[in-house]
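> Provided below for reference: sequence and predicted model.
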Amino acid sequence: MDIQVDNKEKIDIEKILEEKLSVVDEVIAKYIPRKYDKQSLDYTLGPATYQYHLNAIEKAVTEPFWDILERGGKRWRPVLFILILEAFNKDPKRFIDFAILPEVIHNGTLIIDDIEDRSEFRRGKPCTYKIFGLDISINAGNLMYFLPLLTLIKNDARLSIEEQKAIYEIYAQEMINISFGQAMDIAWHRGFFSDDEITEEHYLQMTAYKTGTLARMSARIAALLSKLDEKSMDKMGRFAEGVGVAFQIQDDILDLKGEKFATKKGGLGKDITEGKRSLMVIHTLRKANAKDRRRLMQILNMHTTDQELIDEAILLMEKYGAFQYAKHIATQIVKRSWEEIEGIIPQSGAKEKLRAFATFLIEREI
């Protein structure tokens, strides 16, 4: 997607993402090889007291991990990290290893989320637990929360003790946040609360924790490595959180309306099957008449895979302008988030890339 910025040269964010993907994957492979050997396991675990079983590690770690990673994904969180460093005139090559922290964690959450949601497909293929089993998938997903910490343990960037401690603190807080966000989401689609109790503000906070938190992790670490003060670090974190929330809103829109997205994901309306209380659902339930409200709630609570019922739910949301409303909210969040940081970033081409990047995430079609 080409985005025009202040009548300057068009910035192709899709091309930037494509260019950075192989770089990010190369760094991931440094810490999580596609095939472990004694040397790489010594690097990861330290020398064995007895003997590694390499084939077991391959079957239960590398195969499920690279299976989910190689299905695609935009790697936008590492790219956000890189663009922030560039915007503050830092060399991303020095710190590139830390770009993988949120990406590896993110893919771990996908494995665990699919188990919790009893999903069938992820990125057009059966979910990890459908291929490898619950036991391997739970362990692999949990392992992916911790493996990227090797970037700090090995400390190839030669960070100071204070910098290492600060990154550990960012990591720990954001990992707490993401689990709380997931807890809220699960409680809602499990039907523990009436829909009258779930407000738009609740949804936005849940999304800030569940999706915004790994973007915030990227931004805060990049800001720390850029030597920003605490106040500026917080601003960069809030910007990234806002971008993450807007990204999730667009993801929810595409799940119900995006034909390209549906082709990749295996059909429209997976969120309807899960009974997800998205921003569009909350808006429709607030605006709909009693009959339409009851019908939408009924379909959501069925957890149906029937495409006709899913399409009926989508039409109900369209009737009350839910998609236009959600797009407006996402756009305003990105606008406000950018305004908060615009004054602290030096004017440069890198700054324009960062702004175009934020816009791209709510304009993409896949």
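Cool, got the structure. What you see is a predicted model, and the numbers here were worked out from it, not measured in a lab. Numbers count the residues shown, from 1 in each chain.
> tell me how far the ends of stretch 23-42 are from each other?
Its start and end residues considered, stretch 23-42 measures 24 Å (CA to CA, to the nearest Å).
> What lies in contact with that stretch?
Residues external to stretch 23-42 that are found in contact with it (CB atoms under 8 Å, 6 or more residues apart in numbering): 44, 48, 52, 54, 57-58, 61-62, 65-66, 69, 75, 78-79, 96-97, 99-100, 103-104, 147-148, 150-151. C-beta here means a position set from N, CA and C on the backbone, and glycine is covered the same way.
> Now do it, average pLDDT.
With pLDDT averaged residue by residue, stretch 23-42 scores 95.
> buried residues in it?
Buried residues in stretch 23-42, counting neighbours by 16 or more other CB atoms under 10 Å, are found at V23, V24, D25, V27, I28, K30, Y31, I32, P33, Y36, S40, L41.
> Please, which helix or strand holds the third one?
Assigning secondary structure by DSSP states H and E places D25 in helix 13-31.
> right, and the helix or strand after that helix?
Using DSSP H and E, the helix or strand that follows helix 13-31 towards the C-terminus is helix 38-45.
> so that following helix versus helix 13-31, what angle?
100 degrees (axes from the mean of the first three to the mean of the last three CA atoms, to 10 degrees).
> Just checking the distance from helix 38-45 to the centre of its chain.
Relative to the centre of its chain, helix 38-45 is centred 29 Å away, using CA atoms, centre = their mean, to the nearest Å.
> Check stretch 229-247 too.
Between the centre of stretch 229-247 and the centre of its host chain there is 14 Å, according to CA atoms, centre = their mean.
> 31 is where my numbering starts, stick with that
Sure thing, new numbering starts at 31, so read that last one as stretch 259-277.
> Tell me how confident the model is about that stretch, as a mean pLDDT.
For stretch 259-277, the mean pLDDT works out to 97.
> Could you list the buried residues of it?
Counting neighbours by 16+ other CB under 10 Å, one finds that the buried residues in stretch 259-277 are 262-277.
> Could you do stretch 156-168 as well?
So, applying 16+ other CB under 10 Å, buried residues of stretch 156-168: C157, T158, Y159, K160, F162, I166, S167.
> Average pLDDT for it, rounded please.
This predicted structure assigns stretch 156-168 an average pLDDT of 97.
> again, but for stretch 190-201
Confidence over stretch 190-201 (mean pLDDT, whole number) is 96.
> swap in stretch 90-97?
Rounded to a whole number, the mean pLDDT of stretch 90-97 is 97.
> same deal with stretch 309-321?
96.
> And for stretch 228-243?
On average, stretch 228-243 scores 95.
> Report the distance from it to the chain centre.
Offset of stretch 228-243 from its chain centre (CA atoms, centre = their mean): 13 Å.
> List the buried residues for that stretch?
Of the residues in stretch 228-243, those buried (16+ other CB under 10 Å) are I228, Y233, L234, Q235, M236, T237, A238, Y239, K240, T241, G242, T243.
> Show me the residue sitting in the middle of this structure in space.
What sits nearest the mean C-alpha location of the chain, by CA atoms, centre = their mean, is T241, with 5.1 Å.
> show me where the protein has strands.
For the chain, the strands defined by DSSP state E occupy 32-33, 41-42, 151-152, 155-156.
> Minimum distance to L115: which of those has it?
Proximity to L115 (CB to CB) singles out strand 41-42 among the strands of the chain, at 17.2 Å.
> counting contacts, what elements does the closest one pack onto?
With contacts defined as 3 or more CB pairs under 8 Å, 6 or more residues apart in numbering; DSSP states H and E, the packing partners of strand 41-42 are strand 32-33, helix 379-393.
> With mean neighbour count and distance to I141 as extra columns, can I get those in CSV?
Listed next are the helices and strands packed on strand 41-42 as CSV, based on neighbours: other CB atoms under 10 Å; distance: least, CB to CB, whole Å:
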stretch, mean neighbour count, distance to I141
strand 32-33, 15, 32
helix 379-393, 20, 23
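> out of these, nearest to M205?
With CB to CB as the measure, helix 379-393 is the member of those nearest M205 (22.6 Å).
> can you give me the helices for the stretch 181-330 of the chain?
Chain-ordered helices for the stretch 181-330 of the chain, with DSSP state H, counting those that start in this stretch as the definition, fall at 191-219, 230-240, 242-255, 260-287, 289-295, 300-304, 309-317, 320-332.
> how far out from the middle of the chain is stretch 298-305?
Taking CA atoms, centre = their mean, one finds the center of stretch 298-305 at 18 Å from the center of the full chain.
> ah, wrong one, I meant stretch 136-144
10 Å.
> Same check on stretch 203-218?
In this view, stretch 203-218 has its centroid 13 Å away from the chain centroid, taken as CA atoms, centre = their mean.
> same check, this time on stretch 329-339
For stretch 329-339, the separation from the chain centroid amounts to 26 Å (computed by CA atoms, centre = their mean).
> With stretch 122-130 instead?
Centre to centre, stretch against its chain (CA atoms, centre = their mean), the figure for stretch 122-130 is 18 Å.
> And for it, what's in contact with it?
Counting contacts by CB under 8 Å, 6+ apart, the residues touching stretch 122-130 from outside are 53-54, 57-58, 60-61, 108, 111-112, 115-116, 178, 181-182, 186-187, 197, 248, 251-252, 255.
> how much space between P376 and K321?
In this view, P376 and K321 are 56 Å apart by CB to CB, to the nearest Å.
> any idea how far M347 lies from R394?
Applying CB to CB, the value for M347 to R394 is 20 Å.
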